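Participant: With the sequence up front, the predicted model follows.
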Amino acid sequence: MTDFIDIWSYLSQGPLLWLTATLAAYALADLAFVASGRRPYVNPVLIAVAMLSLLLWATDTAYATYFEGAQFVHFLLGPATVSLALPLADNLGRLRKVWLPVLLALLAGSVTAAGSAIVIGQVLGLGPDVLASLAPKSATAPVAIGISQELGGSPTLTAVLVLLTGITGAIVATPLLNLLGIRDWRARGFAVGLSSHGIGTARAFQVHPTAGAFAGLGMALNAVATALIAPLVLSLFLQP
Amino acid sequence: MIHAILLILACQLGGEVAVRGLGVSLPGPVVGMVTLVVLIKAFPRVEAVVRPVAKTILGNLSLLFVPAGVGIIGHLSTLGAQAGAILAAVVASTVLAMVIGALVFSGVARLTGSSTGPEEPGDD
């Protein structure tokens, strides 16, 4: 009979174990999310990341070894970005009536998201690589990770910042927009999708269908806008 | 399903080729996304082919961030001291972007008369 240690040392070096672990951790975390009544702060990604990090630490496994297996999931970020064409095409018809508010809100919101993050980060003493990872964080994760890579940031840091951004947006959206007295569901949804991408969009759909549709539009348009705006804003503030 | 995957990957590949070829600093998949929107609008059949696969991928979007997210453990030692500053920048910029986006949208909608009239926002 083969020793458990032998089986472990065989499996822990191949992609199968870590791919399975990634899916299992996410499935468990998603169960917790559903059980909580889909509370935005019980985020399945953060829970899965925490579980896997603990597992890697406990088994003394290098991230590179883990990524051998996880890369199959990671690869799908590109096709997922392309797939965002679907909700964008679905909602394009809604643009006809409100293209001017959408365009101006998109420009103002996208510049604010990247610009204020960079300014605040710089004032608080963050380095250029962290600022490059911060700049695209309001865009949906696959796009933000791609932009961060182009800008010389850290894709892993950006992944976590994108999640924190989404969770922040989902938690503050309703009280904040009520405080501002904004009653137009299109404006509310668009702002939430623009600033806090998919997690915010999911939240907007829970509140109102019109808000959800405009959140999806905001998320998809800001994916394109951030790819264009974030590098410009970053180069403006990062004079060598 | 093969056709849908082929279409999505071909859009991404086309995007990567265009971005590298033209030397622009855009993620290739973003160009692929715009390409696919154009294709869907030009050929309605494309939408029917792509929809099931695209919906499946987008329905499980969160899962795809996990591998990159786990990479954070390698950064923890360098981030420790900066965590407060990073968190402040994330929270403040998200709130600001949401406020500006909502104010500009509702303000311009009111000015251009494309307002639908107020609907009561519930406090869910």
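Facilitator: Here it is on my side, so go on. Numbers count the residues shown, from 1 in each chain, chains lettered A, B, ... in the order given.
Participant: So which helix or strand of chain A has the lowest pLDDT on average?
Facilitator: helix A:4-11 (a mean of 82; mean pLDDT, DSSP states H and E).
Participant: quick check, the helix or strand following it touching chain B?
Facilitator: Downstream of helix A:4-11, the first helix or strand assigned by DSSP states H and E is helix A:15-35. Yes - under the criterion of CB under 8 Å from any CB of the partner chain, chain B is reached by helix A:15-35 at A:22, A:23, A:25, A:26, A:30. Placement of C-beta: from N, CA and C, glycine included.
Participant: Same question for stretch A:103-120.
Facilitator: Yes - interface with chain B: stretch A:103-120 contributes A:104, A:105, A:106, A:108, A:109, A:110, A:112, A:113, A:114, A:116, A:117, A:120 (CB under 8 Å from any CB).
Participant: Let me have the residues you listed in TSV, extended by secondary structure.
Facilitator: Shown next, in TSV, are the residues of stretch A:103-120 next to chain B (DSSP: H, G, I helix; E, B strand; the rest coil):
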residue	secondary structure
A:104	helix
A:105	helix
A:106	helix
A:108	helix
A:109	helix
A:110	helix
A:112	helix
A:113	helix
A:114	helix
A:116	helix
A:117	helix
A:120	helix
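Participant: With distance to residue A:69 and pLDDT as new columns, can those residues be given to me in TSV?
Facilitator: Below are the residues of stretch A:103-120 next to chain B laid out as TSV (distance: CB to CB, whole Å; pLDDT from 0 to 100):
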residue	distance to residue A:69	pLDDT
A:104	45	96
A:105	41	96
A:106	38	96
A:108	42	97
A:109	38	96
A:110	35	96
A:112	39	96
A:113	33	95
A:114	33	95
A:116	38	95
A:117	32	95
A:120	37	95
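Participant: Residue for residue, what is the longest helix chain B has?
Facilitator: Ranked by number of residues, the top helix in chain B under DSSP state H is helix B:83-111.
Participant: from memory residue A:74 sits against residue A:66, does it?
Facilitator: No - with contact defined as CB atoms under 8 Å, residue A:74 does not count as touching residue A:66 (10.8 Å).
Participant: out of these two, which sits in the busier spot?
Facilitator: Using other CB atoms under 10 Å in any protein chain shown, the more surrounded residue of residue A:74 and residue A:66 is residue A:66, with 26 against 22.
Participant: and that one, what does it touch?
Facilitator: Counting by CB atoms under 8 Å, 6 or more residues apart in numbering or on different chains, residue A:66 makes contact with A:18, A:52, A:56, B:67, B:70.
Participant: Would you point out the most distant pair within those residues?
Facilitator: The span of those, defined through CB to CB, is set by A:56 and B:67 at 11.6 Å.
Participant: Between these two, which has more neighbouring residues?
Facilitator: Shown here are residue A:56 and residue B:67; by other CB under 10 Å, residue B:67 has more neighbours (28 against 19).
Participant: you'd agree that one is up against residue A:71?
Facilitator: Yes - counting by CB under 8 Å, residue A:71 is a contact partner of residue B:67 at 6.9 Å.
Participant: domains in chain A, as residue ranges please.
Facilitator: With domains defined by automatic domain parsing, chain A comprises A:4-75, A:82-237.
Participant: Deepest-packed of those, please.
Facilitator: Of the domains of chain A, the one with the most neighbours on average (mean count of other CB atoms under 10 Å in any protein chain shown) is domain A:82-237, at a mean of 24.
Participant: distance between that domain and the chain's centre?
Facilitator: 9 Å (CA atoms, centre = their mean, to the nearest Å).
Participant: Can you measure across it, start residue to end residue?
Facilitator: This stretch, domain A:82-237, spans 30 Å end to end (CA to CA, to the nearest Å).
Participant: Can you give me every residue that contacts the residue nearest the centre of chain B?
Facilitator: Centroid-nearest residue in chain B, with CA atoms, centre = their mean: residue B:30, separated by 8.7 Å. Residue B:30 is in contact with A:81, A:143, A:146, A:223, A:224, A:227, B:15, counting by CB under 8 Å, 6+ apart.
Participant: Residue B:84 versus the residue nearest to residue B:82 when sequence neighbours are not counted, what's the distance?
Facilitator: Of all residues not flanking residue B:82 in the chain, residue A:126 sits nearest, at 5.9 Å (CB to CB, 6 or more residues apart in numbering or on different chains). According to CB to CB, to the nearest Å, residue A:126 and residue B:84 sit 11 Å apart.
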